[in-house]
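Trainee: Show me how the following folds:
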Amino acid sequence: MKKNILLLLLIILSLSIYGQDSTRVDSATNKEGYKHWTKYHTSLRLGIGYQKTFYSELGLARHKFIYNDLGYASSTYYTSIEWIPTILPNKPKNMYGLKVGYEINARTLALGVEAKYQTDFVKNNIVFTPKVGFGLLGIINLFYGYNISVIPNSFPEISKNQFSIIVNLSRKCKL
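Mentor: Residues are numbered from 1 along each chain as shown. All right, here's what the predicted structure looks like:
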């Protein structure tokens with residue numbers, strides 16, 4: 001009889017331990033991106049900058065991120081259209097650029113590289129721009145870039161130095 005009761009208690013105890021939810025995580029660790037890379041998400045990309053003249057850009061980005069107790073990292077590749085407006089009559093025509101690029105963030109360090117085809121529909125050029133700056137989860141980035149032209153001095157109204165603020169409007173990444 002004692003053996004039966006002891007066996008019954010052992011079975012009940014083992015079933016109760018087996019029934020515990022050992023995979024349960026608290027709400028902080030159940031968020032997307034916590035300790036695991038998210039999938040790439042499409043987001044709208046907006047940017048403004050200065051390179052001896054004002055410019056703006058509009059495009060699409062594919063963005064993913066990861067974060068944990070020690071910091072965060074993100075990866076973004078994108079394509080966008082750049083517009084350099086001319087509002088003064090004695091200045092050259094508006095210029096446009098078609099860009100592709102890649103950016104990474106590790107904590108607050110942001111690095112990037114982009115290539116663009118630049119034109120005013122009279123002259124053309126290809127420009128490569130390595131960038132370094134500060135970022136917040138790859139959503140908001142402040143960059144300094146150095147424009148390297150394939151055809152030097154094709155657009156003298158554009159400086160080699162570039163400063164920009166970029167925003168990737170990702171709905172999946174909450175600040």
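Trainee: any idea how far the residue nearest to Ser74 when sequence neighbours are not counted lies from Phe155?
Mentor: Spatially, and ignoring its direct neighbours in sequence, Ser74 is nearest to Gly138 (2.9 Å; C-beta to C-beta, 6 or more residues apart in numbering). C-beta: built from backbone N, CA, C; applies to glycine. Using C-beta to C-beta, to the nearest Å, Gly138 is found at 29 Å from Phe155.
Trainee: can you pull the contacts of the residue nearest to Ser74?
Mentor: Counting by C-beta atoms under 8 Å, 6 or more residues apart in numbering, Gly138 makes contact with His63, Phe65, Ser74, Ser75, Thr76, Glu103, Ile104, Asn105, Ala110, Asn168, Ser170, Cys173.
Trainee: Same check on Pro130?
Mentor: Counting by C-beta under 8 Å, 6+ apart, Pro130 makes contact with Gly112, Val113, Gly145, Tyr146, Ile148.
Trainee: With distance to Gly97, secondary structure and pLDDT as added columns, please give those residues in a markdown table.
Mentor: Below are the contacts of Pro130 laid out as a markdown table (distance: C-beta to C-beta, whole Å; DSSP: H, G, I helix; E, B strand; the rest coil; pLDDT from 0 to 100):
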| residue | distance to Gly97 | secondary structure | pLDDT |
| --- | --- | --- | --- |
| Gly112 | 15 | strand | 97 |
| Val113 | 15 | strand | 98 |
| Gly145 | 13 | strand | 97 |
| Tyr146 | 16 | strand | 96 |
| Ile148 | 14 | strand | 94 |
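Trainee: Let's see the ChimeraX selection covering just the buried ones among those.
Mentor: Buried members of the contacts of Pro130, identified by 16 or more other C-beta atoms under 10 Å, are gathered into one ChimeraX selection as follows:
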select :112,145
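Trainee: Can you tell me which of the contacts of Pro130 is closest to Val122?
Mentor: In terms of C-beta to C-beta, no member of the contacts of Pro130 lies closer to Val122 than Ile148, at 21.8 Å.
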